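**Q** after the sequence you'll find the predicted model.
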Amino acid sequence: SQQGEEDPQALSIQEGENATMNCSYKTSINNLQWYRQNSGRGLVHLILIRSNEREKHSGRLRVTLDTSKKSSSLLITASRAADTASYFCATDHLTFGKGTMLLVSP
Amino acid sequence: GAVVSQHPSWVICKSGTSVKIECRSLDFQATTMFWYRQFPKQSLMLMATSNEGSKATYEQGVEKDKFLINHASLTLSTLTVTSAHPEDSSFYICSARTGTDQETQYFGPGTRLLVL
């Protein structure tokens, strides 16, 4: 079964706005990670949150994890055009979701 | 730190030929490397996990005779697509884990393969 299903599939916002992406998974995990991928490029690791953590911050990124609901969210605050990319979540089972394509317009 | 490179970045080949893709960890020793493929606008699908000095573990549905993986050293893993066909055209991405951090994967930039 596929884990790490993100929604929305696509998100279009203006610079300065916040972007929220959600991820759901099906089985128990030890950790969940978020990655970004620019078109046709490799993945960049953004942040890891462990199963015993509920929230984690890194710069303009905020990640939450709700193990009871088997879901996580990634919030990018004060978005920039350079944040335009696809964002994926992945569990420690090494299965990625389809990703959310984020477009930030100037 | 933790840089992973792939070579080549893109390759075009004729159907029936074999293509080798290299994945190198440049500044750390990668005890485990992973190979993924990604179709356009799709997610990454794990193909196999390789540990240095041992045979790769392939995911269900991935033909090990078709996709040969060799992890001969702590800094190099290779994926050979044998007798490539147009349906093998894809974006192949490797990642690596260090021996000390078993949680974080460091990804290479990917190799785009086009089989004509």
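**A** That came in fine, so what should we check first?

**Q** interface residues of chain A facing chain B?
**A** A:4, A:30-31, A:33, A:35, A:40-45, A:48, A:88, A:92, A:94-99, A:101 (Cβ under 8 Å from any Cβ of the partner chain). All C-beta atoms are positioned from the backbone trio N, CA, C, and that covers glycine.

**Q** buried residues in stretch A:18-34?
**A** A:19, A:21, A:22, A:23, A:24, A:25, A:29, A:31, A:32, A:33, A:34 (16 or more other Cβ atoms under 10 Å in any protein chain shown).

**Q** now do the phi/psi pair for residue B:30.
**A** Dihedral pair for residue B:30: phi -100, psi 100, per degrees, to the nearest 10.

**Q** and what about the spatially most central residue of chain B, helix, strand or coil?
**A** Closest residue to the average C-alpha location of chain B: residue B:35 at 3.6 Å, with Cα atoms, centre = their mean. For residue B:35, the assignment made with DSSP: H, G, I helix; E, B strand; the rest coil gives strand.

**Q** residue contacts, residue B:38?
**A** Residues in contact with residue B:38, defined by Cβ atoms under 8 Å, 6 or more residues apart in numbering or on different chains, are B:44, B:45, B:90, B:91, B:92, B:93, B:110.

**Q** try it again with 10 Å
**A** Listed by Cβ atoms under 10 Å, 6 or more residues apart in numbering or on different chains, the contact set of residue B:38 reads A:37, A:40, A:42-43, A:96, A:99, B:44-45, B:90-93, B:110, B:112.

**Q** any idea what it is bridged to?
**A** Here residue B:38 sits in beta bridges with residue B:44, residue B:91, going by DSSP bridges.

**Q** list just the nearest of the buried residues of stretch A:18-34 to chain B.
**A** When the buried residues of stretch A:18-34 are compared for distance to chain B (Cβ to the nearest Cβ), residue A:31 wins out at 5.7 Å.

**Q** find the nearest non-adjacent residue to residue B:24, please.
**A** Distance criterion Cβ to Cβ, 6 or more residues apart in numbering or on different chains; nearest residue to residue B:24, sequence neighbours excluded, is residue B:5 at 5.0 Å.

**Q** give me the distance from the lowest-mean-pLDDT helix or strand in chain A to the chain's centre.
**A** Least confident helix or strand, chain A: strand A:5-7 with a mean of 74, by mean pLDDT, DSSP states H and E. Offset of strand A:5-7 from its chain centre (Cα atoms, centre = their mean, to the nearest Å): 9 Å.

**Q** parallel or antiparallel, which strands does it pair with?
**A** With DSSP bridges as the test, strand A:5-7 is paired with strand A:19-24 (antiparallel).

**Q** next structured bit after the helix or strand hosting residue A:65?
**A** Residue A:65 belongs to strand A:61-66 when assigned by DSSP states H and E. Where DSSP H and E defines the elements, the next helix or strand beyond strand A:61-66 is strand A:71-76.

**Q** and that next one, what does it pack against?
**A** Strand A:71-76 makes packing contacts with strand A:5-7, strand A:19-24, strand A:31-37, strand A:43-50, strand A:55-58, strand A:61-66, strand A:85-91, strand A:100-105 when contacts are defined by 3 or more Cβ pairs under 10 Å, 6 or more residues apart in numbering or on different chains; DSSP states H and E.
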